[in-house]
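> okay, predicted coordinates and the sequence, questions at the end:
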Amino acid sequence: MHNQSVPDRPSGYRSGPRQSRRPVAFAPVAILLCGILWTMGAAGQAASGTRPEFASLKARIVQDDRRRPDLSIQLAQQALAQASATTEDRIWLRSRLIRDLIRMRRTDEALGQARAGYAEARDAEQQRHFEVLAWDALCDAQRNEEVVKRYRDLAAQLRLPAGNTRNGAASMDVANGWRLAGTAMMRLGQLPESIHLLTQALRVFDALPDAVYESSQTLTAMALVDAKSGNPEQALRTVQRAIDLSVAADERSSLSSYQLRKAYLLSLLGRTDEQEQALLTARTLAQQELMSFNVGVAATNLADVALQKKDYRAALAYTDEAIPMVEQSGDKESLWVAWINKGTALNRLGRPGGIDWIRKALAAFAAAPGMDSNVAETQGYLAEELAFNHDYQGAYEAAMRFERLTDGVRKAADQKRIAEANAAYEADRRQRQIEGLEEEQRQQRRFRWMLALAAAAGLTAAVIAAVSRYHVKRAYGAVRSLGAHNEKSLEEERKRVARELHDEMGQQLAALRMELSVAQHSSAHADPAARETALSALTSRVDALVASMRSVVGQLRPPAMDGGLEIALAWLASELERQAQVQCDVHVDEELRRLPADAATLVFRIAQECLSNVRRHAAARRVHLELVMHDGQCEMSVEDDGSGFDVTAMRSGYGILGMEERARMLVGTLVVDSAPGHATTVTLRFPMPAPAG
């Protein structure tokens, strides 16, 4: 409130007793009215003078944001310092400022601005907006556990405005929350829940105008999920879609980052020339965007490509360019990789100090927690370079250390995965044995009861018992056939996984690659060109086998159930969309999201079989999967709009028989409703299981 200037002693003022109360009572009222009118007039003049100026400032910030985020940051900071900015203007300015600070990797400043915005927020929606912006900064700083924790605390609120199409800002905040949480989960290996959240976010962004940046960010995160799932080709198509979308909309603020991810995926596929071109493009774009960290990352990877092509001078030049930029960013792992590249380039050029740079990187990795695989890999590089220098004794010792380290890393990972697979297999086998015994006891009791009826009722009851025995035998035969089929399938899968792990052991392949490199420098009698060509081809083949092995070890047991039944069903739906381009909607009632583990596994397997049948046979375009409470019972329905089938003709197959058996294990029923040329609905009903324990 402004204090207006009023004379302390107006003209004609005199001391002494007041003669009349009326003039004195009127004076404050008049002064107050004048003050109010003056304030309103001044405010109107200020608003009319500053709004056009502020609109121009916003336009300039948007323009600089595309090419010069450093200038955009300065303009936003200056505008926030002005007292004339409205609340809406301050929200817009601070949001832009946080985004640009994140792009420039100034994480602490971005978090400080997010806290300031949260403190200034006038309602829960504005608070949520700045909370999500804080997640963005944390995600960029790789503080993924913190992002996931904060998401889980706010998850219920993020669901509320999901159907609010009238409020684009609220929908954008919700979708951004899903995107950032999904990205953090992807980095932590929580792939089913990650792809579920990212798919939800992309649907919202696709329906919103001016969400190109958010859509592209979501697509690149989904590409990394595909890559981690062992599908780099699909990942490459997804990240190219993000690049095309950004270029078409002239949204170039993160193009260098997308090109870096494209280069990474091309490296997984062994397409070195295309990888180099993507890195050169990323480097140029990062220079235009003034993003020094991305310039450093691109230069580091260009050095690696140059080393593969044996262009050691180019590798050294790229490394010298990268080291100061990466060092300034604080990314220690990238810096240590640059040291290895520099040491290798120096060593291959015959210059001193190369081995020292590699040993320096090795010591740095060894001192950092959780870097065992990096230590092993760096030890392998050291062995190669010592062999190149004809220090075969040192190369042999380094190779032995490399083999021991690699063996330790491999054993720790493989033992964990195999133990999990064996535990799941044994638990499933024991469960089936118990269920088989219980079923046999039920059938024996039923048969004894029917014999008693036959003795009491004579021939009629005896006939009934004989017919019942016939049906019991048929049921036993079906159960035995299903059990044998399941046991055979499990054993075949175990054999397949064991065979692939045995044939493609990562430690042996990595050791073979190191030995080939040693042979490359020690076989002086061979023709150089032929030797280089043959060994390069073998090395590329080994690299490809290592990549395939990494995808195999993740197939022992789908991790979808780890996030709960709702996440598992959403993962099945997203896999159906990805593999068959069939849209699948999932709805799970709140009270059914955390069924007991045994019941949840059975429900998941029935849904998995249903969606597998849709993918293979239905020719459907849309599926609706629902798990709800209905009339006091749990009910799951899977409905597709496909071609249908004759239910009676399918009774001999194991698919429906297996689903019916699992339904009986839930003390429930399974009904399949379909006909040729009509939609198919599979309905599972079962009572709410008692809590475990």
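Right, received. Where do you want to start?

> okay, residue 90: pLDDT?
Per-residue pLDDT puts residue 90 at 81.

> for residue 270, see how far away the nearest residue to residue 337 once chain neighbours are set aside is.
Closest residue to residue 337 apart from its sequence neighbours, by CB to CB, 6 or more residues apart in numbering: residue 300 at 6.0 Å. Using the backbone N, CA and C atoms, a C-beta is placed for each residue, glycine as well. For residue 300, the distance to residue 270 equals 19 Å [CB to CB, to the nearest Å].

> and the gap between the residue nearest to residue 337 and residue 334?
From residue 300 to residue 334 the distance is 6 Å (CB to CB).

> the more surrounded of these two?
Per other CB atoms under 10 Å, whichever of residue 300 and residue 334 has more neighbours is residue 300, with 25 against 19.

> picking up where we left off before, joint contacts of residue 300 and residue 334?
Listed as contacting both residue 300 and residue 334 by CB atoms under 8 Å, 6 or more residues apart in numbering are residue 326.

> per-domain residue ranges of the chain.
Here the domain assignment for the chain is 408-555, 559-686, based on automatic domain parsing.

> so for the host helix or strand of residue 682, what's the average pLDDT?
Using DSSP states H and E, residue 682 maps to strand 680-686. Mean pLDDT, computed over strand 680-686, is 93.

> paired strands for that strand, with orientation please.
Counting by DSSP bridges, the strands paired with strand 680-686 are strand 633-640 (antiparallel), strand 669-673 (antiparallel).

> can I get stretch 381-391 in CSV, CA atoms only?
Extracted in CSV, the C-alpha atoms of stretch 381-391 (Å, rounded to 0.1, in the frame of the first residue of the first chain):
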residue,chain,number,x,y,z
TYR,A,381,42.0,-51.2,-23.0
LEU,A,382,45.2,-51.0,-21.0
ALA,A,383,46.0,-54.6,-22.0
GLU,A,384,45.5,-53.7,-25.7
GLU,A,385,47.7,-50.7,-25.5
LEU,A,386,50.5,-52.5,-23.7
ALA,A,387,50.4,-55.2,-26.4
PHE,A,388,50.6,-52.5,-29.0
ASN,A,389,53.8,-51.2,-27.3
HIS,A,390,55.2,-54.9,-27.4
ASP,A,391,55.1,-55.0,-23.6
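
> give the buried residues for stretch 336-356.
336-348, 354-355 (16 or more other CB atoms under 10 Å).

> mind checking pLDDT for the residue nearest to residue 313 when sequence neighbours are not counted?
Once flanking residues are discounted, residue 313 sits nearest to residue 349: 6.9 Å by CB to CB, 6+ apart. Note for residue 349: predicted pLDDT of 92.

> dump the residue contacts of residue 349.
If a contact means CB under 8 Å, 6+ apart, then residue 349 has 312, 313, 316 as its contacts.

> rewinding a little: mind listing residues that contact the strand holding residue 682?
Strand 680-686 has contacts (CB under 8 Å, 6+ apart) with 599, 603, 606, 610, 614, 618, 630, 633-640, 642, 644-645, 659, 663, 666-674.

> and for stretch 175-188?
128, 132, 135-136, 139, 142, 144-145, 147-148, 151, 154, 158, 191, 193-198, 200-201, 204-205, 208, 211, 214, 217-218, 221, 224-225, 228.

> just the buried ones from those?
Applying a neighbour-count criterion of 16+ other CB under 10 Å, the buried members of the contacts of stretch 175-188 are 128, 132, 135-136, 139, 144, 147-148, 151, 154, 158, 191, 193-198, 200-201, 204-205, 208, 211, 214, 217-218, 221, 224-225, 228.

> any buried residues in stretch 592-609, and which?
So, applying 16+ other CB under 10 Å, buried residues of stretch 592-609: 592, 595, 599, 600, 601, 602, 603, 604, 606, 607, 608, 609.

> reformat those residues as a markdown table; add distance to residue 233 and secondary structure.
A markdown table is the format used below for the buried residues of stretch 592-609 (distance: CB to CB, whole Å; DSSP: H, G, I helix; E, B strand; the rest coil):
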| residue | distance to residue 233 | secondary structure |
| --- | --- | --- |
| 592 | 37 | helix |
| 595 | 36 | coil |
| 599 | 37 | helix |
| 600 | 33 | helix |
| 601 | 32 | helix |
| 602 | 34 | helix |
| 603 | 33 | helix |
| 604 | 28 | helix |
| 606 | 31 | helix |
| 607 | 27 | helix |
| 608 | 24 | helix |
| 609 | 27 | helix |
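
> closest one of the residues you listed to residue 625?
Nearest to residue 625 among the buried residues of stretch 592-609: residue 607, at 6.3 Å, using CB to CB.

> ok, now which ones touch the closest one?
Applying CB under 8 Å, 6+ apart, we find residue 607 in contact with 569, 572, 625, 636, 638.

> by neighbour count, which of the residues you listed wins?
With neighbours taken as other CB under 10 Å, the top of the contacts of residue 607 is residue 569, carrying 29 neighbours.

> low-confidence ranges, the stretch 201-350 of the chain, go.
The stretch 201-350 of the chain contains no residues with pLDDT under 70.

> list the contacts of residue 224.
186, 235, 261.

> residues in contact with the host helix or strand of the last one?
This points to residue 261. Residue 261 belongs to helix 255-268 when assigned by DSSP H and E. Helix 255-268 is contacted by residues 216, 220, 223-224, 227, 232, 235-236, 239-240, 242-243, 246-247, 272, 274-275, 278-279, 281-283, 285-286, 289, 291, 294, 297-298, 301, 547 when judged by CB under 8 Å, 6+ apart.

> repeat the analysis, applying 6 Å as the threshold.
Contact with helix 255-268 is made by 220, 232, 235-236, 239, 242-243, 246, 274-275, 278-279, 281-282, 285-286, 289, 291, 294, 297, as judged by CB atoms under 6 Å, 6 or more residues apart in numbering.

> count of residues packed around residue 628?
Burial of residue 628 is recorded as 14 neighbouring residues (other CB under 10 Å).

> tell me which helix or strand it sits in.
If you go by DSSP H and E, residue 628 is part of strand 622-630.

> just want the angle from that strand to strand 633-640.
Angle, strand 622-630 to strand 633-640, by axes from the mean of the first three to the mean of the last three CA atoms, to 10 degrees: 170 degrees.

> does anything pack onto strand 622-630? Which helices or strands?
When contacts are defined as 3 or more CB pairs under 6 Å, 6 or more residues apart in numbering; DSSP states H and E, strand 622-630 sits against strand 583-588, strand 633-640.
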